[in-house]
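1. take this sequence and fold it.
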Amino acid sequence: MTFPEWHNEDRCLKRRRSFLSQALPAALGSLLALMVPAPAAALESPPIQVHLADGTSLMLLSWTFSYEYETRPRGESSTLGSTARRDAKDLWTGKKTLPLGSQTLELQYADQTRAVDGQLAKVPIARGFVLVSADGKRNTVKAEAPHQDLLAPDADGRLVQARAMDLRGQTIGGTRREFCLLSYTALVECPVAADQRVVRIKLQP
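-> This next block holds a predicted model:
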């Protein structure tokens, strides 16, 4: 073997050793990661099937109800307030915290006159909920604004006003989705379009 040939073979061996020295630790690390149990915080609740008023549905993962609220000093204008959110898996109404469990959540709508594109029209507005158990039992729930003890327990004497209840989550394809379920104030208007209006939420087994 001539010197150039020996020199080229030596470089190839070095490249192989370099590749193996990088690939083996990475492979072992991936194997160990699969063997280590996921932390409790990473465990997600079951996904939900979201049914819309236009007849379509989608699956949401990593979902949560998101309650938007405003806080401001008592006696001051709302322009001095600030908005924030509290996320929860439970349905909040007044002082009640209602876990969904295996129940299906239905939204109840009532027509209300509202200005749409410069003209008055009757549009569906969410007014309440129905919790439907696995055996078909229906429990009507009034959509009361969540109490400030739920929204902002550390408000320190500031005025707390609920603004809206949203549903947030991620589709199977990884797209983030958000739906306005209902409004607690005239300052927030949920979309009335059928493809943005949730009518039913069902936890998947």
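2. make it CA atoms for all contacts and neighbour counts henceforth
-> Noted.
3. would you agree residue 200 is in contact with residue 106?
-> Yes: between residue 200 and residue 106 there is a contact at 4.4 Å, judged by C-alpha atoms under 8 Å.
4. find residues that contact each of the two.
-> In the contact map built from C-alpha atoms under 8 Å, 6 or more residues apart in numbering, no residue is linked to both residue 200 and residue 106.
5. and the residue nearest the centre of the chain, helix, strand or coil?
-> The centre of the chain sits closest to residue 168, judged by C-alpha atoms, centre = their mean, with a distance of 2.4 Å. Secondary structure for residue 168, judged by DSSP: H, G, I helix; E, B strand; the rest coil, is strand.
6. list the contacts for the spatially closest residue to it that is not a sequence neighbour?
-> Of all residues beyond its chain neighbours, the one nearest residue 168 is residue 178 (4.5 Å), with distances taken as C-alpha to C-alpha, 6 or more residues apart in numbering. When contacts are counted by C-alpha under 8 Å, 6+ apart, residue 178 is found next to 166-169.
7. redo those residues as TSV? Include distance to residue 185 and pLDDT.
-> As requested, those are arranged in TSV below (distance: C-alpha to C-alpha, whole Å; pLDDT from 0 to 100):
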residue	distance to residue 185	pLDDT
166	14	98
167	17	98
168	20	98
169	24	97
